[in-house]
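J.: Could you work out the structure for the sequence below:
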Amino acid sequence: MNRLEFGLSRRAQVPLVGQRIRQLRKDRSLTQAELAAKVGVQQSDLCRMETGEYKVSLETLFRILKIFEMNIGEFFHEAPPGQLSPTETEMIRTFRNLLPSGQDEVRNFMKFIERQSRRSRRKK
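T.: Take a look at the predicted model:
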């Protein structure tokens, strides 16, 4: 790989890091201001990191990972087959805290959404 190719691939990775931070933040229902305060950066800087305008330093990334309780491998890779993602784990935890009637509603809603998805895929 020549220098130009390396530079392009590194630049392409910067927005991906920011997008991953944004997705994790939203999965945990945190605002930019809340995460920025926990990390110790300005909200505007976090916004620029999420959009790829600013590069995320390793120090900042490790602080974010600590808040999200994940390691660097989990951050950059999808969960291995059979392993639940943090979002799935949170959903299961929430589901288990529901009353049986609430669990029934969630199951029925998921079946409804699944049917809608199948119909949408068939139309395409």
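J.: make it CA atoms for all contacts and neighbour counts henceforth
T.: Noted.
J.: T31 and G82: what is the separation?
T.: 30 Å (C-alpha to C-alpha, to the nearest Å).
J.: Compare these two and say which is more crowded by neighbours.
T.: Using other C-alpha atoms under 10 Å as the criterion, T31 and G82 rank with T31 on top: 13 against 6.
J.: which residues does the more buried one contact?
T.: R25 (C-alpha atoms under 8 Å, 6 or more residues apart in numbering).
J.: Now do it against L61, distance only.
T.: Separation of T31 from L61 (C-alpha to C-alpha) stands at 17 Å.
J.: Repeat that for Q32.
T.: Distance from Q32 to L61, by C-alpha to C-alpha: 15 Å.
J.: So what's the residue count around R25?
T.: Residues within reach of R25, counting by other C-alpha under 10 Å, total 18.
J.: Quick check: it touching L35?
T.: Yes - using C-alpha atoms under 8 Å, R25 is in contact with L35, at 7.3 Å.
J.: List phi and psi for R28.
T.: Backbone torsions for R28, taken as degrees, to the nearest 10, come to phi -100, psi 10.
J.: Look at it and say how many residues are nearby.
T.: 13.
J.: Now the nearest residue to it once chain neighbours are set aside: which helix or strand?
T.: Among residues not flanking R28 along the chain, T87 sits closest, at 8.0 Å (C-alpha to C-alpha, 6 or more residues apart in numbering). Secondary-structure assignment from DSSP states H and E places T87 in helix 86-96.
J.: counting contacts, what elements does that helix pack onto?
T.: Judged by 3 or more C-alpha pairs under 8 Å, 6 or more residues apart in numbering; DSSP states H and E, the packing partners of helix 86-96 are helix 100-123.
J.: Can you give the distance from the helix it packs on to the centre of its chain?
T.: Mean C-alpha position of helix 100-123 versus that of the full chain (C-alpha atoms, centre = their mean, to the nearest Å) differs by 23 Å.
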